[in-house]
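Student: sharing a sequence plus its predicted fold:
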Amino acid sequence: MKTTKILLLTALLLTALPCCLETEKNSDVLFQTSTINALLEGVYDGNVTFAELKKHGDFGIGTFNALDGEMIGLGGDFYQIKSGGGAYPVGDNAKTPFSVVTFFSADERITLDEIVNYSMLEKSLDSRFPSKNIFYAIKIGGNFSHIKTRSVPKQDKPYPKLAVAVENQKIFEFNNVEGTIVGFYTPGYVQGINVPGYHFHFITKDRSAGGHLLECEMRNLAAEIDYTTDFYLMLPQDGEFYDTDLTAGEKEKELEKVEK
């Protein structure tokens with residue numbers, strides 16, 4: 001399937017590029033397929049294979065064709081957390097309708113002293129960022145006293161909007177579990193393109209389970225942060241994406257519902 005590629009360099013300049021342009025393999029590019037507003041509107045058909053996605057990153061989060069579970073990429077390995085809670089390796093031919101990846105290379109390592117829950121984690125990370133106007137890839141590993149995640153069942157056509165699809169989400173809880181939180185901080189000015197603020201997924205150390213992170217409790221864990229100043233957006237070029245109104249209505253409440 002043909003794609004339209006758009007390069008956003010730091011200031012999010014929406015400039016059309018020739019189809020032959022590829023991102024360089026470096027840790028300063030955040031590569032994204034499609035937009036979060038398209039996902040909110042039910043555009044779930046995958047347009048990028050994981051063979052292609054791996055060319056642009058070894059670390060990231062996203063979902064699958066027909067919204068079939070949560071994706072997490074860590075150390076070059078990609079996993080699908082299905083609605084049963086199990087994590088499975090992803091084949092190169094699998095497709096994604098929305099994913100965000102980068103080649104992770106930590107610019108800073110910090111200790112999250114006395115962090116006990118999700119909201120405190122966000123505040124602690126906020127205080128460490130030199131600016132809220134660039135992107136950050138974030139990896140937190142260790143033993144968590146409590147983790148709460150979710151995954152969404154595969155959807156059938158005609159696809160419902162994301163806010164409706166998550167009403168059937170499956171919830172998983174882990175206690176005293178070792179694993180890794182993977183995710184991104186995205187500046188507020190990309191609202192509609194990505195999730196403003198924090199978006200995290202989790203996978204256990206043995207790579208057997210995980211999901212979209214809803215809640216967490218932790219203490220004295222180390223976090224690695226990759227400052228990321230370039231943003232590369234690949235848009236689908238097909239009828240479903242082209243025909244969907246991505247500007248209608250206020251989507252902040254919908255996004256808050258599906259994220260939390």
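Tutor: Good, I have the coordinates. Residues are numbered from 1 along each chain as shown.
Student: in a helix, E52, correct?
Tutor: Yes. Counting by DSSP: H, G, I helix; E, B strand; the rest coil, E52 is located in a helix.
Student: any idea how far it lies from V116?
Tutor: 40 Å (CB to CB, to the nearest Å). Backbone N, C-alpha and C define where each C-beta goes, glycine included.
Student: one more: L246?
Tutor: In terms of CB to CB, L246 sits 38 Å off from V116.
Student: what strands flank the host helix or strand of A137, and is each parallel or antiparallel?
Tutor: A137 belongs to strand 135-151 when assigned by DSSP states H and E. Here strand 135-151 is paired, per DSSP bridges, with strand 170-186 (antiparallel), strand 210-217 (antiparallel), strand 221-228 (antiparallel).
Student: could you dump these to JSON lines with mean neighbour count, distance to V100 and mean pLDDT?
Tutor: Output for the strands paired with strand 135-151, formatted as JSON lines (neighbours: other CB atoms under 10 Å; distance: least, CB to CB, whole Å; pLDDT from 0 to 100):
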{"stretch": "strand 170-186", "mean neighbour count": "18", "distance to V100": "6", "mean pLDDT": "97"}
{"stretch": "strand 210-217", "mean neighbour count": "22", "distance to V100": "13", "mean pLDDT": "98"}
{"stretch": "strand 221-228", "mean neighbour count": "19", "distance to V100": "10", "mean pLDDT": "96"}
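Student: for E240, find the nearest of those.
Tutor: strand 210-217 (23.2 Å; CB to CB).
Student: what are the C-alpha coordinates of the closest one, in CSV please?
Tutor: Backbone C-alpha positions of strand 210-217 (Å, rounded to 0.1, in the frame of the first residue of the first chain) are rendered in CSV as follows:
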residue,chain,number,x,y,z
GLY,A,210,1.5,-6.7,30.0
GLY,A,211,-0.7,-4.1,28.4
HIS,A,212,-1.6,-0.4,28.2
LEU,A,213,-0.6,1.1,31.6
LEU,A,214,-3.5,2.4,33.7
GLU,A,215,-2.1,2.4,37.2
CYS,A,216,1.3,1.7,38.9
GLU,A,217,2.9,1.7,42.3
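Student: ok, residues contacting that strand?
Tutor: Around strand 210-217, the neighbours that count as contacts under CB atoms under 8 Å, 6 or more residues apart in numbering are 70, 72, 79, 81, 85, 87, 116-118, 121, 144-151, 171-172, 179, 181, 183, 200-204, 260.
Student: swap the cut-off to 7 Å and go again
Tutor: With contact meaning CB atoms under 7 Å, 6 or more residues apart in numbering, strand 210-217 is reached by 70, 72, 81, 85, 87, 116-118, 121, 144-151, 172, 179, 181, 200-204, 260.
Student: need the buried ones from these selected in ChimeraX.
Tutor: Filtering the contacts of strand 210-217 down to the buried ones (16 or more other CB atoms under 10 Å) takes a single ChimeraX command:
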select :70,72,81,85,87,118,121,144,147,148,149,150,151,172,179,181,200,201,202,203,204
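Student: helices and strands around whatever helix or strand L30 lives in, which ones?
Tutor: Counting by DSSP H and E, the element that carries L30 is strand 29-33. The contact analysis (3 or more CB pairs under 7 Å, 6 or more residues apart in numbering; DSSP states H and E) places strand 29-33 against strand 99-102, strand 230-236.
Student: run through the bridge partners of Y232.
Tutor: On the basis of DSSP bridges, Y232 is bridged to L7, F31.
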